[in-house]
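J.: sequence unknown, structure follows:
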C-alpha cells in the first residue's frame, strides 16, 4: 500500500525530447503555412481539430477510464454558444469564445457529478443520452437557436472571420488549439493529478483508500476535456458560418474521437496525436481516390489495425522497443483474436 501511495505522490522526471520535438513540429507547421494552398490548409485544419478532440477524449476515456460517448454535446454547445451570442447579441468572437468554453465546462460539471457515479457501459450510454437530450433542446429552441432551420453567424464588418483570422486564420487557430491540447495533456499526465487519473482508472477503491478524492479527479478531467472540445466547436462554428443541429451534434464526431484514441493508443499523449493525424489523412485520401468505396476500405483498415494492434499502435511500438520483439502476430495470439 505504501508503494502505491509513493507512486501517486511522486512526479516522473520530465523528458525534454518530446517537448523539443513538439516545438520543432509546431514551428515547422507555422513556417510552411504560407507555402500551403488553401485546400490543403483546410484539410490540415481538420487534422488539427481532431488532434485536439482526440486528446480531450483521451483525458476522460484513456487516463481516467470513463469512456464518454457524449463528447459531441460539448462540441455542439460550444458551436451554438458562439453562434447565438454573435448572431442574436452581436458579441465579438473573442468574447463569445470564452463564454462557449465556460458553457462547456459548466455543462460537464452539471452532468458529470451524477453521471460519473456510473461505470462502464452505463456511463457511456448515459453520456450518449445527455448529448442527444441537449441536441433536442437546441433543436426546439427555435426563437433562439433557429431550431432545425439552422443558424448563421454574421459575416459583415468586424463580425466576419477574415478580420479576426485573415484568410489562413483557421489553419493557425486549429494549429494553436491542437498544440495547447497536446501540451495540457502532456503536463497533466506527468503531474500528481495525472497519476490520480491513472489510479482511478486502475482501481478506484484503492485510490479512494489512499486519500485521493476520486469524484473531484473525475469531474475535473471531464471538465478539462469539455473545455477543449467546446473551444474546438467554437472555432468550427465560426469556420462554417452556417450550420444545423445535426452538423455539430453529429455522433460520428464522438465515434471518430474514440477510434483515433484506440488506434493510436489510449493513456498516452502520442497515441491520440498519431491516431488523429493518421486516420484523418487516410480518410481524406480514400475519399478523394476511392469515391463510394472509401468508407468500406476505411472500416476494413480500422478492423485490421485493431486486430493486430489491440493496445494501439504507439503502445505496441513502445513495448516492442522495450522488449525488442516486433512480431505483430504475438498480439493476435496474446489477446486470442
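T.: Noted; the coordinates are in hand. In this text the structure is predicted, and so the values were computed from the model without any measurement.
J.: quick one: residue 57 and residue 89, what's the gap?
T.: Using CB to CB, to the nearest Å, we find residue 57 at a distance of 31 Å from residue 89. (Each C-beta comes from the backbone N, C-alpha and C, glycine too.)
J.: Next one, pLDDT for residue 75 please.
T.: You'll see residue 75 listed with a pLDDT of 97.
J.: low-confidence ranges in the stretch 101-250 of the chain?
T.: 156-168 (pLDDT under 70).
J.: show me where the stretch 101-250 of the chain has strands.
T.: All strands of the stretch 101-250 of the chain, identified by DSSP state E, counting those that start in this stretch, fall at 151-152, 242-243.
J.: ranking these by burial, who's on top?
T.: strand 151-152 (a mean of 19; mean count of other CB atoms under 10 Å).
J.: if we can go back for a sec, out of residue 57 and residue 89, which sits in the more crowded spot?
T.: Applying other CB atoms under 10 Å to residue 57 and residue 89 shows that residue 57 carries more neighbours, namely 27 against 9.
J.: That one: which element?
T.: helix 38-57 (DSSP states H and E).
J.: Quick check: which helices or strands does that helix pack against?
T.: Other helices and strands packing on helix 38-57, by 3 or more CB pairs under 8 Å, 6 or more residues apart in numbering; DSSP states H and E, are helix 169-189, helix 214-240, helix 251-264, helix 270-290.
J.: how much does the second one deviate in direction from helix 251-264?
T.: Yep, that's helix 214-240 we're talking about. On the basis of axes from the mean of the first three to the mean of the last three CA atoms, to 10 degrees, helix 214-240 is oriented at 120 degrees to helix 251-264.
J.: Can you tell me which helices and strands helix 214-240 packs against?
T.: helix 38-57, helix 72-89, helix 93-115, helix 161-165, helix 169-189, helix 192-202, helix 204-209, helix 245-248.
J.: What is the third one packed up against?
T.: Spelled out, that is helix 93-115. helix 72-89, helix 120-140, helix 214-240.
J.: mind putting the ones you listed in CSV, distance to residue 311 included?
T.: Shown next, in CSV, are the helices and strands packed on helix 93-115 (distance: least, CB to CB, whole Å):
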stretch, distance to residue 311
helix 72-89, 26
helix 120-140, 19
helix 214-240, 21
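J.: out of those, which comes closest to residue 148?
T.: With CB to CB as the criterion, residue 148 lies closest to helix 120-140 of these, at 5.8 Å.
J.: Go through that closest one and flag the buried ones.
T.: 123, 124, 126, 127, 128, 130, 131, 134, 135, 138, 139 (16 or more other CB atoms under 10 Å).
J.: of these, closest to residue 214?
T.: Looking across the buried residues of helix 120-140 and measuring by CB to CB, the closest to residue 214 is residue 123, at 13.7 Å.
J.: quick one: contacts for that closest one?
T.: By CB atoms under 8 Å, 6 or more residues apart in numbering, the contact list for residue 123 reads 66, 67, 68, 115, 116.
J.: what about 7 Å?
T.: 66, 115, 116 (CB atoms under 7 Å, 6 or more residues apart in numbering).
J.: Just the pLDDT for the first one.
T.: It stands for residue 66. For residue 66, the model assigns a pLDDT of 95.
J.: What about it, how many residues nearby?
T.: Neighbour number of residue 66 under other CB under 10 Å is 25.
J.: Am I right that it sits in a helix?
T.: No: read with DSSP: H, G, I helix; E, B strand; the rest coil, residue 66 is coil and lies in no helix.
J.: still on that earlier bit, with distance to residue 294 added, can I get the strands of the stretch 101-250 of the chain in CSV?
T.: What follows is the strands of the stretch 101-250 of the chain, written out as CSV (distance: least, CB to CB, whole Å):
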stretch, distance to residue 294
strand 151-152, 30
strand 242-243, 23
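J.: Compare the helices and strands packed on helix 214-240 and give me the one nearest residue 267.
T.: Residue 267 lies closest to helix 192-202 among the helices and strands packed on helix 214-240, at 7.3 Å (CB to CB).
J.: relative to helix 169-189, how tilted is the closest one?
T.: 80 degrees.
J.: thinking again about what came up before, please identify the most buried of the helices and strands packed on helix 214-240.
T.: helix 72-89 (a mean of 25).
J.: just checking, what packs against that one?
T.: helix 93-115, helix 120-140, helix 142-145, strand 151-152, helix 214-240, helix 245-248, helix 251-264 (3 or more CB pairs under 7 Å, 6 or more residues apart in numbering; DSSP states H and E).
J.: now the second one: how far from the chain's centre is it?
T.: Per CA atoms, centre = their mean, to the nearest Å, the displacement of helix 120-140 from the mean C-alpha position of its chain is 17 Å.
J.: Tell me which residues touch residue 305, please.
T.: 263, 313.
J.: Pretty sure it sits in a helix.
T.: Yes: in this structure, residue 305 lies within a helix as judged by three-state DSSP.
J.: Now do the same for it: its pLDDT.
T.: 85.
J.: Distance of it relative to residue 268?
T.: Distance of residue 305 to residue 268, given as CB to CB: 16 Å.
J.: middle-most residue in the chain, spatially?
T.: Compute the mean C-alpha point of the chain, and by CA atoms, centre = their mean the closest residue is residue 53, 1.8 Å away.
J.: quick one: the nearest residue to it once chain neighbours are set aside from residue 292, how far?
T.: In space, and not counting its chain neighbours, residue 53 is closest to residue 257: 5.0 Å by CB to CB, 6 or more residues apart in numbering. Going from residue 257 to residue 292 by CB to CB gives 25 Å.
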